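# no sequence on this one, just coordinates:
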C-alpha cells in the first residue's frame, strides 16, 4: 500500500496488545521508508507494561478507550487505564488520545470533569458520538454532540478543523478536545481510511460488511477505493 501513497498506519483490534508479536509487527511497518506514522488503538489495560517496548519498536501515538472517570455501570473507566496512559506519555508516545463514547444517561455528566482530567494528565480527549448501526440500544444511549460542540465553541481559545473527517479540535488552555460524530459535516465524505481485516480482506468502510474485497495486490486496493462511499 505504500506504493499508493499510504503514509499513516493504525493498528486496531480487538486488542492489539494481546499479541505476543506486536513489537515485531510495529518494527516491520516502521522498516517501510514511506510510512511516516504508526498509531494504535487499545483498551489500555496492558499498556503500562508494554509502553517501553512499543516505543522502542517505533510506535508514534496511541488511542485508549475510556468512557468515564469513574463508573459502576461502564467497564472502561480511568481507574483501569490511567497507569498505561501515564507510562505511554513518559515513554514519549504522543499524543495519547482518550476515546470517550458519549452515552446518554451514563456518562454525559462526566464530559467536563474528563476535560479537566485531560488538562492535568496531558492527553487529548476525543468525544465520540454513537454511530447508528441497527443496534436497538442506539436509541436508548445515543446523545448528539451538538450541545457539547456549542459549549466548547464558547469556551475555546482556538478551534481548528482537521483534514480527516473534518473533525473539530477545541483548545481550552492546555487541553485539546476533539469531536467525532456521524452527524457532523464531513464525517464520511472527508474520510480517507482504508482498513485491512484480520483475515486479510480490504474494508473500505468501518460500518459496512457488504463491500469487503479479497486482497490480490494493488489492483484490489484500487478497487476498494473506487467503491468507497459515505455510510451516511
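Yep, that arrived. All figures in this text were calculated on a predicted structure; none of them were measured in a lab.

# which residues are contacting the longest helix belonging to the chain?
What stands out as the longest helix in the chain, according to DSSP state H, is helix 78-91. With contacts defined as Cβ atoms under 8 Å, 6 or more residues apart in numbering, helix 78-91 is touched by 42-48, 51-52, 54-55, 62, 64-66, 68-70, 94, 96, 98, 114, 117, 121-123. Where you see a C-beta, it was placed from the backbone N, CA and C, and this is true even at glycine.

# Show me what the mean pLDDT comes to for it.
When pLDDT is averaged over helix 78-91, the result is 96.

# now the strands for this structure?
All strands of the chain, identified by DSSP state E, fall at 8-11, 37-42, 61-65, 96-102, 124-129, 158-161, 168-172, 175-180, 195-196, 201-203, 213-214.

# would you turn those strands into a markdown table with distance to residue 221 and mean pLDDT?
Shown next, in a markdown table, are the strands of the chain (distance: least, Cβ to Cβ, whole Å; pLDDT from 0 to 100):
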| stretch | distance to residue 221 | mean pLDDT |
| --- | --- | --- |
| strand 8-11 | 14 | 96 |
| strand 37-42 | 19 | 98 |
| strand 61-65 | 24 | 98 |
| strand 96-102 | 27 | 97 |
| strand 124-129 | 27 | 96 |
| strand 158-161 | 28 | 95 |
| strand 168-172 | 30 | 95 |
| strand 175-180 | 25 | 94 |
| strand 195-196 | 9 | 90 |
| strand 201-203 | 6 | 92 |
| strand 213-214 | 8 | 92 |
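
# Tell me where this structure has helices.
Going by DSSP H, the chain shows helices at 22-30, 47-57, 78-91, 111-121, 138-141, 146-155, 218-227.
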